[in-house]
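# Give the three-dimensional model of this entry:
(4 chains, ligands or ions: 6)
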Amino acid sequence: MVIPDLSVSLGGLRVKNPVLSASGTFGYGLEFLPFYDISRLGAIVVKGLSLAPTSGNPPGRIVETAAGMLNAIGLQNIGVERFIGDVVPRLEDAGATFVANIYGKTVEEYEALARRLSEVPSLGAIEVNASCPNVKEGGMAFGATPEGVADLTGRVRGCTGKPLWVKLSPNVTDIAVIARAAEEGGADAVSLINTIVGMAVDHRSRRPELSNVTGGLSGPAIKPVALRMAWEAAKAVRVPVIGIGGIQSAADALEFLLVGASAVQVGTANFRNPRACVDILEGMEAFFREERIAALADYRGGLTLEKIP
Amino acid sequence: MVIPDLSVSLGGLRVKNPVLSASGTFGYGLEFLPFYDISRLGAIVVKGLSLAPTSGNPPGRIVETAAGMLNAIGLQNIGVERFIGDVVPRLEDAGATFVANIYGKTVEEYEALARRLSEVPSLGAIEVNASCPNVKEGGMAFGATPEGVADLTGRVRGCTGKPLWVKLSPNVTDIAVIARAAEEGGADAVSLINTIVGMAVDHRSRRPELSNVTGGLSGPAIKPVALRMAWEAAKAVRVPVIGIGGIQSAADALEFLLVGASAVQVGTANFRNPRACVDILEGMEAFFREERIAALADYRGGLTLEKIP
Amino acid sequence: MPNDRTRFLTARIVRNEGRGEIFYRIEAIIPEPVRFVPGQFAMVSGWPGNDPLLPRPLAVFRSGGSKGKGKIEFVYKVVGRGTALLSGLHPGETLSLTLPLGRGFDLEQEGRSYWLVGGGVGFSSVFPAAAALGRRRARFEMFLGARTRGHLPPKEWTPGGKEPGRIHLCTEDGTAGYHGRVTDAVLERMKGLSQESVERLVILACGPREMLREIAAAASERSVQAQVALENHMACGFGVCWGCVVTVWDGDQTAYRRVCREGPVFDAREVVW
Amino acid sequence: MPNDRTRFLTARIVRNEGRGEIFYRIEAIIPEPVRFVPGQFAMVSGWPGNDPLLPRPLAVFRSGGSKGKGKIEFVYKVVGRGTALLSGLHPGETLSLTLPLGRGFDLEQEGRSYWLVGGGVGFSSVFPAAAALGRRRARFEMFLGARTRGHLPPKEWTPGGKEPGRIHLCTEDGTAGYHGRVTDAVLERMKGLSQESVERLVILACGPREMLREIAAAASERSVQAQVALENHMACGFGVCWGCVVTVWDGDQTAYRRVCREGPVFDAREVVW
Ligand SMILES: Cc1cc2nc3c(=O)[nH]c(=O)nc-3n(C[C@H](O)[C@H](O)[C@H](O)COP(=O)(O)OP(=O)(O)OC[C@H]3O[C@@H](n4cnc5c(N)ncnc54)[C@H](O)[C@@H]3O)c2cc1C
Ligand SMILES: Cc1cc2nc3c(=O)[nH]c(=O)nc-3n(C[C@H](O)[C@H](O)[C@H](O)COP(=O)(O)OP(=O)(O)OC[C@H]3O[C@@H](n4cnc5c(N)ncnc54)[C@H](O)[C@@H]3O)c2cc1C
Ligand SMILES: Cc1cc2nc3c(=O)[nH]c(=O)nc-3n(C[C@H](O)[C@H](O)[C@H](O)COP(=O)(O)O)c2cc1C
Ligand SMILES: Cc1cc2nc3c(=O)[nH]c(=O)nc-3n(C[C@H](O)[C@H](O)[C@H](O)COP(=O)(O)O)c2cc1C
Ligand code: FES
Ligand code: FES
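Numbering: from 1, shown residues only, chains lettered A, B, ... in the order given. Ligands and ions are numbered 1, 2, ... in the order given. This next block holds a predicted model:
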């Protein structure tokens, strides 16, 4: 039996397979050790890190929606120093390839995070969360304009030799333009999508369900939108695209590869099934074997657009 | 028992209740006559009309997604003349309040449609579908820029004395800016959202599910996004907002009213339950009665944002 | 049997069971009996939640009852999520139904003899046609095709099964009846027909598209009237979404027609194959 | 009873039935027995499709079995879509479970006497505590509150029900036991206690937040140790989404703690009420 080669290079970080965990849905990775060997995954993207520990939003942080959920966690995290001190050694012990997702309130904070994390030899890549609404620039999100994205990317690029991934917001008119801006700013890969801004209210109490009023929509509900954006981005840029959004099964993951993504990140699916990432990986391996596809590259981007004759 | 007053003015068209059907999901209204008396609804918005009959996209037009569906019908319709000749008299007979949703490939086509429809005395309003991707302006949708929306609205405004509703696309960075552009262009009301662009592929056949490759996502999956946009639009404009997107129940409809919409349109829900609109209306009436709310105006926009002390 | 007014109703399941290797039959009680034309269908849902979202089209298999209490039956094969959910429903639980829908077979032609061709689960609209023809004492034969013996419809569901020579079973692997595809059986038998018989013949067919295409071609060659029941993905089932169109000939132009409204039964010559 | 390694597994339902007016009990077979600390919970799903999407937290009610074959039980009340779906599952169908989760009650304190307070379906984590204390022959009393008689847990589920004076039933409408809220019964009884008894006392409580708040206030007033099992909406249940936090005191600051990880059982003094 031929073992398919699922390895792929994600902007300088070569991973053994294209199944990654999505930031904010996988904790610091260690929480999954009871369920499986996390070193089997292509990489683990940890919860978004800020310079100082962040306490996040008040309760009323999640609400379920049809085939999805809204979250407004507010990026509660232990801060970069405790991450480096406490978590990194344990991820190294676990043999995991890991990526730091970073988020700052100012460009300077992003720069400081990138510089500090570049000192961690075992860190695989830095993923810049360019989809945060609470930043300078007159309240407009960094991720919402090509200029904002290009500038942020360029500035972080100047601070790190690590592979640099930029995570894009779907709350934009044209994702292709935004993806190109990240590429031009020096991103080694783009990952998308982050959550879509949504809202839920209780018609009886007349109050929002989330303390933050709005939140980010994730889960199967958003998959069609995520897939379309991954396709548009893959056509627009030369750097690898990492597809994210609503992936629950190997079939879902394969769809993102088919439209041109080089890898995928699995998010909300981890909540219902803690083994989701590894189940998806195994399903993907089985598919490649069954279909006798020798390598990821032989499948990726293979969407046929011409009509059947 | 007090009968709550659910009537509301939608930019010059007073409707007896805020439950409307959404364009493209209700045919020409007559198809629902076997199920209930369509004159009970606030209004019926008919399938998007073009100047000439349009044949639409080749098969492979719909595909189901998680708690939603994608469609790429391509606006198949009988054209404005047959609508006026064949359909309007029957809608008049049925006693229905009805609204024409229009769509053109050029601004001139929109203008011609508006002029022609203005000659129909029984027509309640014109809803401009400003979310069509197949138009001039270098392939960029009218609905994607404030300038495009303001210009289209202004030009159609000049051609009709009917109440003018502009239906907005959700595929934009900032819906508030777009809604204001429609208002400044002279819209009497804005309706939103139209479908979110999505995509589905078959990972085995390696082909898109839709002949058009991408399609519009509708159904419960998009409700959180639609609700957020209705809220943002209602804060941004003075004209009435008509909320659309994933409404399946009276509770859903009430949520849109709570965040500031003056009325709602029910779309995809009609497919699974042909009585959806009237079920929602009855549920809404029951809620107002139970809660002893005398009039729609006493509930609408009543979202409480302050914390409970 | 006239076409009844379309309605949306809630049905209470009284039976839902697998039969043979691959088929299920579901039987439910509805408030009033429904009259339908064979080939007509219902949009069926019943699972809780919004995923899957859309109802599924199923041919009306049987319908009966008397005033105040109707009965309705469907047969189905589990092929995906919707039908799998359907197969998990229990007696006492409910179905939502919109029915009867679409244009069924035209069986009311005088002096004709009918061939009914069902491939796979296609027998679900062919059997009601056979039952109706049987009641009218019209002449008909039935061709039923499946991959293998176990995939043929269970005997006890087959109407008019007693008359000899009336039913032609076909299996691709030869485990029952004619060894070969049902289309081959039909084509072979058609070859032997006199011109007179051919002129009286009406073929009604339901099954995979490839089967229908071949039947249509053979019928067209000998100018036999053929009515084919098409399938397509549907959102509404009653003509308002325009999602279910197929391409048909409209003079020498092509046009799109709704399977749920102008079909599911089409004149085979009309379809652009 | 030590805390077992958390696992994700598929369970086969063997029983799922309503009891009394409002409660259900579901029993399922799992590959290996699970040891749990009373107050620990599982994330439970099992319905098909993605709507509802998230699993539901339920306290582990009972667990048993031997090597190669475990048994697990939950009791629940239907309050919304997830629990309604749960109540519609049949024997033979499967559940997905992640368990055991969270930090349970601390029952291992020497020389203490325990009051267990359960409001509504809160008995689901209080009964396992009672059973564990019973096995240890520790001293405990149980206070169970409900709106009305029919909303009290069925007698046959109640552990240690035979010993007189041990169980205090309370109904708000007076249809059974003490007429009033369970908190009032607890507060009244606490008033009569000597200082010595108070110092030995540990209160374990699970129920509506308002009930827990009042118990916490009364306990704090007399410096009684109180452990409260909190609820919150959860996405993951094992500490990775940070969705389930509650506000607690961290010195004189407040901080957010995860109900699923640092809880669901908290020291009552820690909670910002
Ligand atoms: C008029 C008509 C009558 C039919 N009668 C019967 C019948 O009596 N018995 C029977 O077993 N089947 C019948 N079918 C086919 C049946 O509708 C499909 O097998 C069923 O919809 C599959 O749903 P699923 O969720 O199990 O499959 P999935 O593949 O998971 O469905 C995904 C989506 O595709 C659609 N879909 C998939 N296959 C078909 C198909 N062949 N036709 C239409 N939509 C499809 C589904 O409705 C759904 O929207 C009929 C189809 C039509 C159009
Ligand atoms: C640690 C813990 C243990 C629990 N043990 C039990 C038990 O043994 N028996 C029992 O009947 N109930 C128990 N509950 C409450 C139970 O989880 C909820 O009743 C259930 O989630 C409601 O789901 P639903 O879909 O029926 O309701 P819906 O209101 O439709 O649920 C909508 C969403 O809100 C969440 N939600 C609603 N109410 C609660 C709640 N009280 N707690 C947590 N999430 C909620 C749901 O999980 C879901 O995500 C426990 C809760 C927690 C946190
Ligand atoms: C609870 C939660 C927390 C998240 N936190 C982060 C984060 O810290 N940084 C980030 O870039 N994305 C974050 N995300 C977004 C996910 O990484 C992912 O982009 C999104 O959820 C879509 O994927 P999914 O549908 O598979 O969940 C979070 C998502 C969820 C649901
Ligand atoms: C099959 C289909 C056809 C549609 N056709 C139109 C149309 O012709 N014109 C238009 O403005 N919107 C059209 N829409 C969009 C709906 O009116 C509505 O804005 C959207 O579906 C969101 O609402 P829903 O989630 O309730 O369906 C169509 C939607 C569907 C599903
Ligand atoms: S299924 Fe909607 S028009 Fe046919
Ligand atoms: S439920 Fe996810 S952290 Fe507690």
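
# where in the stretch 101-250 of chain A is pLDDT low?
Within the stretch 101-250 of chain A, the stretches with pLDDT under 70 are A:132-141.

# and it, which of its residues are near ligand 3?
Proximity of the stretch 101-250 of chain A to ligand 3 is confined to A:N101, A:N129, A:K167, A:N194, A:T195, A:S218, A:G219, A:I222, A:I244, A:G245, A:G246, A:I247 under the rule CB under 6 Å from any ligand atom. Just so you know, the C-beta spots here come from the backbone N, C-alpha and C atoms, and that holds for glycine as well.

# Give me the nearest residue to the fourth one, chain neighbours excluded.
Once its chain neighbours are removed from consideration, A:N194 has its nearest residue in A:S131; the separation is 4.0 Å (CB to CB, 6 or more residues apart in numbering or on different chains).

# again with the second one
Once its chain neighbours are removed from consideration, A:N129 has its nearest residue in A:Y103; the separation is 4.3 Å (CB to CB, 6+ apart).

# So the one you found is in contact with A:L51, correct?
No. Contact criterion CB atoms under 8 Å: A:Y103 and A:L51 do not qualify, at 9.6 Å.

# Show me which of the two is the more surrounded one.
A:Y103 (26 against 18; other CB atoms under 10 Å in any protein chain shown).

# what residues are up against that one?
A:G48, A:L49, A:S50, A:L75, A:Y110, A:N129, A:C132 (CB atoms under 8 Å, 6 or more residues apart in numbering or on different chains).

# now with 10 Å?
A:23-24, A:47-51, A:54, A:75, A:77, A:109-110, A:113, A:127-132, A:134-135, A:167 (CB atoms under 10 Å, 6 or more residues apart in numbering or on different chains).

# repeat for A:G79
With CB under 10 Å, 6+ apart, A:G79 has these contacts: A:L49, A:S50, A:L51, A:A52, A:P53, A:T54, A:G85, A:L113.

# follow-up on the earlier one: most neighbours among the residues of the stretch 101-250 of chain A next to ligand 3, which one?
Counting by other CB under 10 Å, top hit in those: A:I222 with 34 neighbours.

# you'd agree it is up against B:I196?
Yes. Using CB atoms under 10 Å, A:I222 is in contact with B:I196, at 9.0 Å.

# and for the two, which residues touch both?
A:P170, A:I196, B:G68, B:L217, B:A221, B:I222, B:V225.

# doesn't the fourth one fall inside a strand?
Pointing back at B:L217 there. Yes. Assigned with DSSP: H, G, I helix; E, B strand; the rest coil, B:L217 falls within a strand.

# Next one: it from B:E127, what distance?
Here the criterion is CB to CB, to the nearest Å. By it, B:L217 lies 20 Å from B:E127.

# Assign a three-state SS to residue 248, would you?
Defaulting to chain A. Strictly by three-state DSSP, A:Q248 counts as coil.

# nope, chain C
Strictly by three-state DSSP, C:V248 counts as strand.

# Would you mind finding the longest strand in the chain?
Just going to use chain A. strand A:123-129 (DSSP state E).

# should've been chain C
If you go by DSSP E, chain C has its longest strand at strand C:7-19.

# how about that strand: buried residues?
C:R7, C:F8, C:L9, C:A11, C:I13, C:N16 (16 or more other CB atoms under 10 Å in any protein chain shown).

# which ones are touching whatever residue of chain A ends up closest to ligand 1?
Proximity of chain A to ligand 1 (CB to the nearest ligand atom) peaks at A:A251, 11.6 Å away. By CB under 10 Å, 6+ apart, the contact set of A:A251 is A:I280, A:G283, A:M284, A:F287, B:D202, B:H203, B:R204.

# so which strand or helix has it?
Take DSSP states H and E as the rule and A:A251 turns out to sit in helix A:250-258.

# Could I get the buried residue list for that helix?
So, applying 16+ other CB under 10 Å, buried residues of helix A:250-258: A:A250, A:D252, A:A253, A:L254, A:E255, A:F256, A:L257, A:L258.
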